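Asker: With the sequence up front, the predicted model follows.
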Amino acid sequence: MTSLQSGGLSLRNLSKGYALPGRQLSVLNGINLDIEGGSSLAIVGASGSGKTTLLRILAGLEDPDLGGVTIDGTPVRGVGTERAVIFQEPRLLPWLTVLDNVAFGLEVRGTPRTEALERARHYIRLVGLSDFAGVWPRQLSGGMAQRVGIARALTVQPRILLLDEPFGALDAMTRLVMQEELVRIWCEEKVTMIVVTHDLEEAIYLADQVLVLPKGDGTPRLIETNLPRPRDRTSPAFVRQREALLREFGLH
Amino acid sequence: MSFPDIPRTATRNLTLPRLPVLAILRRYGLLAAFLVLWQVASKAGWVSPAVFPPPDAIAAALWKGLWTGALLDDIAISLQRAGTAYAAAIAIGIPLGLLMGQIRLVEQALDPILQLFRQTSALALYPVFILLLGLGEASKVFVIFWATLFPILLATTGGVKEVDAKLIEMARSYGASRLAVFRRVILPAALPAIFIGLRLSATTALLLLIASEMIGANKGVGFQVMNAQYNFQIPLMFAAIFLLAGLGLLANALLVTLQRRLCRWSDPTN
């Protein structure tokens, strides 16, 4: 269903700080980065390194103090229809059924209801929840609710999918299944995927490139993963990547 | 819409199977016993039948009042008073509450004076309203309006303020306009809280109705309670009292039904 989408991003001199009582806390210090359309990037870093702030700026939910973002050559400010965010919590509206929740993003953008529902059904099928279209959110398990959140984001057919620790609240088993699902969906939908995570293994499993954000004034580092898909978490190459990433944090 | 049985709700079925007769007995048994005791006590003279007439005499007085239409007039005028006041309280309380819940400046400006008004008993202010508006319909409607406004206003304000900011942000991330966020997120999220205010106010409306009809009225169910007592028509007095209880139950049942329809998603039995 996606065609002629590119979804390439350019981050130029992106800086952001917060005013604390008595001093200025600088979180992002002039980040420059080009992300190819259709690729996948993971952002990792210790807490306080600004990885969520960076994602929220890309989403348009926060403004940078300095610098800017261009998408396919066009500077962007604020939220935009070419991006969709998947939050750590599913953030489903409890008064809407699964189907109406998935159609929500399209409906608030003014898509006619019948068309919105039709597209919502397609993506509910894609995330494997066809039997649950008429269910209320409170009847779903955590993993199912997050699938609904993913379907809602996909339904607006974004060029860029932004994920903020999407599986952080799920149990370990469900997380593995969801990571596999996400890679399958990403391959099918050919979107650019940017995922913030604190799980290094998840970063290597999902992403082509891993951006390591330092805490404080250091320079961000970009690491290529270059592993064939599907990725085997137990393969020597995967383990080597993981060790390399751990070294970035001075942990190995 | 139908959906397969989800394990989470299945635990409800683990309780013992219910017999309808037992269920009715469990729910209404004590009430029935109370009425029977009253009947026997009054007939046997354990209590003075002049003060506590037996329930069958009360039922007869109620039936006669309704059949001849005498009580129907009282019900009509009472419902008109309470209904007008309640409708006005809704028409002002809900929009103002929505505004106060969303715009901090409005809330900060109005809160102190509203708190003062709210803490001042409506009954204590009734003489003031009579001085201002006279002893007719206006002061009666206004005192009910005054007392019902605040629960609706405060519940609505509170409901809007407690809407999960993360849901609002989610809607905003999809490019929802302010109006769309309000209509599709804030309003439905605040609805259960608004209903709490509506149900509280319905009870208050009937309470203030009676009080206002006991002063300077010549019609109404509240007037009938007082009037029957003056004329020593004690069965009629009790009939009017039960009628009021019935009106209260009816109003609550209507609101609960409406709430179930509008908030189906939050109903655990659904």
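Answerer: Done, it's in.

Asker: So what does the residue in the stretch 51-200 of chain A that chain B sits nearest to have for phi and psi?
Answerer: With C-beta to the nearest C-beta, the shortest gap between the stretch 51-200 of chain A and chain B falls at A:Gly134, namely 3.4 Å. C-betas here are computed from N, CA, C, even on glycine. A:Gly134 has phi and psi values of phi -100, psi 10 when expressed as degrees, to the nearest 10.

Asker: Is it in contact with A:Leu96, as I believe?
Answerer: No. Taking contacts as C-beta atoms under 8 Å, A:Gly134 lies outside contact range of A:Leu96: 10.9 Å.

Asker: Just want to know which of these two has more residues nearby.
Answerer: A:Leu96 (18 against 13; other C-beta atoms under 10 Å in any protein chain shown).

Asker: counting residues per helix, which one in the chain is longest?
Answerer: Picked chain A for this. Counting by DSSP state H, the longest helix found in chain A is helix A:172-189.

Asker: actually it's chain B I care about, not the one you picked
Answerer: helix B:70-102.

Asker: What's the mean pLDDT across that helix?
Answerer: The average pLDDT within helix B:70-102 is 95.

Asker: And the next helix or strand past that helix?
Answerer: On the C-terminal side of helix B:70-102, the closest following helix or strand by DSSP states H and E is helix B:104-119.

Asker: Going by neighbour count, list what's buried in that following helix.
Answerer: B:107, B:114, B:118 (16 or more other C-beta atoms under 10 Å in any protein chain shown).

Asker: contacts for that helix?
Answerer: Around helix B:104-119, the neighbours that count as contacts under C-beta atoms under 8 Å, 6 or more residues apart in numbering or on different chains are B:96, B:99-101, B:146, B:150, B:153-154, B:157.

Asker: I'd like to check the angle between it and helix B:70-102, please.
Answerer: Comparing the axes of helix B:104-119 and helix B:70-102 via axes from the mean of the first three to the mean of the last three C-alpha atoms, to 10 degrees yields an angle of 140 degrees.

Asker: ok now helix B:104-119, how far from the chain's centre?
Answerer: In terms of C-alpha atoms, centre = their mean, to the nearest Å, the centre of helix B:104-119 is found 24 Å from the chain centre.

Asker: just checking, what packs against whichever helix or strand comes after that helix?
Answerer: Sequence-wise, the next helix or strand downstream of helix B:104-119 (DSSP H and E) is helix B:122-133. Here helix B:122-133 touches helix B:137-161, helix B:187-213, going by 3 or more C-beta pairs under 8 Å, 6 or more residues apart in numbering or on different chains; DSSP states H and E.

Asker: name the helices or strands packed onto the shortest one?
Answerer: So the one you mean is helix B:137-161. Short answer (3+ C-beta pairs under 8 Å, 6+ apart): helix B:137-161 packs on helix B:70-102, helix B:104-119, helix B:122-133, helix B:187-213.

Asker: Enumerate the positions of that helix that are buried.
Answerer: So, applying 16+ other C-beta under 10 Å, buried residues of helix B:137-161: B:139-160.

Asker: The last one now?
Answerer: Residues of helix B:187-213 classed as buried by neighbour count (16+ other C-beta under 10 Å): B:187-202, B:204-213.

Asker: what angle sits between it and helix B:122-133?
Answerer: Counting by the same axes, to 10 degrees, helix B:187-213 lies at 70 degrees to helix B:122-133.

Asker: Show me what helix B:187-213 is packed against.
Answerer: Partner elements for helix B:187-213 (3+ C-beta pairs under 8 Å, 6+ apart): helix B:70-102, helix B:122-133, helix B:137-161, helix B:221-230, helix B:234-262.

Asker: Out of these, which is the most enclosed?
Answerer: helix B:137-161 (a mean of 23; mean count of other C-beta atoms under 10 Å in any protein chain shown).

Asker: now that one: how far from the chain's centre is it?
Answerer: Distance, centroid of helix B:137-161 to centroid of chain: 12 Å (C-alpha atoms, centre = their mean).
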